[in-house]
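S.K.: sequence and predicted structure below; questions after.
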Amino acid sequence: MNKANGGDERRKGAGEKPMIVYGNVKKNYGEFEALKGVSLQVNRGEVLCLIGPSGSGKSTLLRCTNGLELIDGGEIVFEGTSLGKDPKRLRQVRRRMGMVFQSFELFPHKTAVENVIMGPMTVLGVSEKAARERAMALLGKVGLESKADSYPSNLSGGQQQRVAIARALAMEPDVMLFDEPTSALDPETVGEVLNVMKVLASEGMTMVVVTHEMTFARRVANWVVVFESGAVLEEGLPEKIFGNPSQPRTQDFLSHLGWSG
Amino acid sequence: MNLDWSVVFSHWPLLAHGVLMTVLLTVLTMLIAIPGGIVLAAMRMSGSRVLSLVSVCFVEFFRNVPIILVVYWAFYVMPVLTDLSLPAFVTGLTALAMNNSAYNSETFRSGLNSIRKGQREAGLALGMSGPQTFFKIVLPQAWRRVLPVLASAWVSLFKDTSLVSVISVGELTYTAMLIRSQTFRVMEMITAMAVIYWLMGYPQAKLVDWINRRYGVSE
C-alpha cells in the first residue's frame, strides 16, 4: 500500500480528500496480469500523467476507472464510494467522468454538434435547444464552431479529437480521462489537441492522462506516475521524475524516448 | 420464322396478374425475411448456446442448399412433417422466406460486427445504457452498411421468385409458361417474359446503385 499523496505533501490537492483512490487494483486477461495490484490516488484539480512503455497497464487502469473494464481484485473508490460492478452504479459514475479515446470514436453518422449534444440529451434529458447552445459554446472553446455541421469524415484527426473533447465536456464531468489522445494524430495536429488540454488544465479540471508526450507531461502535469509491467514503478512531481528519477528503469524508459531532461 | 406477337397482348390480363403475384411474393418475402434475419442474428449473438446453435443450424442449412430444392422440400416434405396442406402460394412464400431469412441474418450479423467496439464504449463512457448505445449508435451505423446488401438481396429475390413456378404458384414465370403451353408460342412468350423481368428489374438495380452511393460507408 502506498502512502497518501504518493509520499509528497507538495503535491497539488494534497490538503483535500482525493477524488479517485485505487487500492491494490488487479486485472487479468486470462493468464496475463495486466495490473498487478496498483495503488494510487487522483487529487482534486490535478493533472496526473500516466507514462511508461506500451503494454505496461496505463490504458487498462484508465479503462477500469470508468468501468469499461471490470477489475478482478482490489477496489476503485470515486468520490468516497466504491465503483463495484453494478451496471446502474457504473452508469452514474460514467456520467461524471469524461473519456477521450486514442481513436477519437466520434459517431460517424452524426455531425460534430450532434456528437456533442448526444450525451446531454440521451443521458441527462437536456432539451435539444439548451444542449445545442451549450454544444456551440464548447465547440467554440475547442476552436471548431465553424465545423459544427461537419461530419467526422470531413474533419482532420486533430479536429475530430477536439470535437471528442467537447463531447466529453458536454456532460460537465468532474474528471477527464484521456487515453493516449494524441497517439493516432498526424504530428502537425498534435499541438492543437495538447493546447486544448492545457487550457482545461489551467481552468482547474481534474485530468488523468495516459500519454507518450513527455514534453506535455513535464510542463502540464502536476503529478507523474511511471508504469512498468502492470505495476507502478515510481511516482512523483514532474521535476523529480524527469529531472532526478529514483528508479534507474525510469531513466532507461525516458532515454529510450530521447528525453534528456 | 413466323412470329405472332399478338399472343402476348391478347393475354395481357393474365400476364399482369402474374407480374402482380411476382411483386407480391417479393414484398411479402422481404417483410418476413428482414425481421426473420434480425431475430436469427440476435439469437446467434445472444450468448445463449442453445439459441445460437439453433440459429447456426437454420442459417447454414438454408444458405447452402439450392432455393429450388427448398421450394420442393416445402412442397413435398413440409406437409408431411407438419400435417398442414398450405396453398402453393404460401408454400412458395415460406420457402423463399426461409432462404432469405438465412441470408439476411448473415448480413445483419456482419453489419453489427463491423461496428468497432470503441463506438459502443464511447456511448457507454457518456453514461448511456446498453440499449441506448445499441439503438442510437451501433444500429444506425450497422443499418447503413446493411442497406446496400439488403437492396441487392432484394433484386436477387425478385428474380428468384421465378423458381416457385415449379410448384404452380401463379407468378409471372408460371403464367407465361402456361400461356406458352396453351398457344405453342414459345419464342414470343419467353421473349416477352425476359422483357417484362428486365423492365422491372433494371430500375430496381439502378435504385440499388443509388442506395450504394447514398449510404456507402465513409469514415
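M.R.: In hand now; what should we look at?
S.K.: quick one: low-confidence ranges for the chain?
M.R.: Picked chain A for this. A:1-2, A:260-261 (pLDDT under 70).
S.K.: my bad, chain B
M.R.: B:1, B:216-219.
S.K.: and it, which residues reach chain A?
M.R.: Contact residues, chain B versus chain A (CB under 8 Å from any CB of the partner chain): B:116, B:118-119, B:121-122, B:124-130, B:132, B:136-137, B:140-141, B:144, B:218-219. From N, CA and C alone the C-beta is placed, and that goes for glycine too.
S.K.: 10 Å instead, please
M.R.: Chain B has residues B:115-130, B:132-133, B:135-138, B:140-141, B:143-144, B:217-219 near chain A, with proximity defined as CB under 10 Å from any CB of the partner chain.
S.K.: report all helices and strands that the biggest helix by length in chain A contacts.
M.R.: Across chain A, the longest stretch assigned as helix under DSSP state H is helix A:187-202. Other helices and strands packing on helix A:187-202, by 3 or more CB pairs under 10 Å, 6 or more residues apart in numbering or on different chains; DSSP states H and E, are strand A:47-51, strand A:97-100, helix A:128-141, helix A:157-169, strand A:175-179, strand A:206-210, helix A:214-220.
S.K.: which one of those lies nearest to chain B?
M.R.: strand A:97-100 (4.0 Å; CB to the nearest CB).
S.K.: any idea which helix or strand comes after that closest one?
M.R.: Where DSSP states H and E defines the elements, the next helix or strand beyond strand A:97-100 is helix A:112-123.
S.K.: before we move on, the earlier item: tell me which of the helices and strands packed on helix A:187-202 lies nearest to A:T250.
M.R.: strand A:47-51 (8.9 Å; CB to CB).
S.K.: next secondary structure element downstream of the closest one?
M.R.: helix A:58-65.
S.K.: so what does that next one touch, helix or strand wise?
M.R.: strand A:20-29, strand A:32-42, strand A:47-51, strand A:73-78, strand A:97-100, strand A:175-179, strand A:206-210, strand A:223-228.
S.K.: what's the spacing between the last one and its chain's center?
M.R.: Average the C-alpha atoms of strand A:223-228, do the same for its chain, and the two points are 13 Å apart (CA atoms, centre = their mean, to the nearest Å).
S.K.: now it against strand A:32-42, angle please.
M.R.: Here the directions of strand A:223-228 and strand A:32-42 differ by 170 degrees (axes from the mean of the first three to the mean of the last three CA atoms, to 10 degrees).
S.K.: direction included, what does strand A:223-228 pair up with?
M.R.: strand A:47-51 (parallel), strand A:231-236 (antiparallel) (DSSP bridges).
S.K.: repeat that for the second one.
M.R.: Its sheet considered, strand A:32-42 pairs with strand A:20-29 (antiparallel) by DSSP bridges.
S.K.: does A:I241 touch A:F227 like I think?
M.R.: No. Using CB atoms under 10 Å, A:I241 makes no contact with A:F227, being 11.9 Å away.
S.K.: can you pull the residues that touch both of those two?
M.R.: A:51, A:233-235 (CB atoms under 10 Å, 6 or more residues apart in numbering or on different chains).
S.K.: how about TSV for these, with distance to B:L25 and neighbour count added?
M.R.: TSV is the format used below for these (distance: CB to CB, whole Å; neighbours: other CB atoms under 10 Å in any protein chain shown):
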residue	distance to B:L25	neighbour count
A:I51	64	25
A:L233	69	20
A:E234	72	17
A:E235	70	22
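S.K.: ok, of those, which one's closest to B:M189?
M.R.: A:I51 (78.3 Å).
S.K.: okay, buried residues for the top helix by length along chain B please.
M.R.: Ranked by number of residues, the top helix in chain B under DSSP H is helix B:12-45. Applying a neighbour-count criterion of 16 or more other CB atoms under 10 Å in any protein chain shown, one finds B:15, B:18-19, B:21-22, B:25-26, B:29-30, B:32-34, B:36-41, B:43-44 buried in helix B:12-45.
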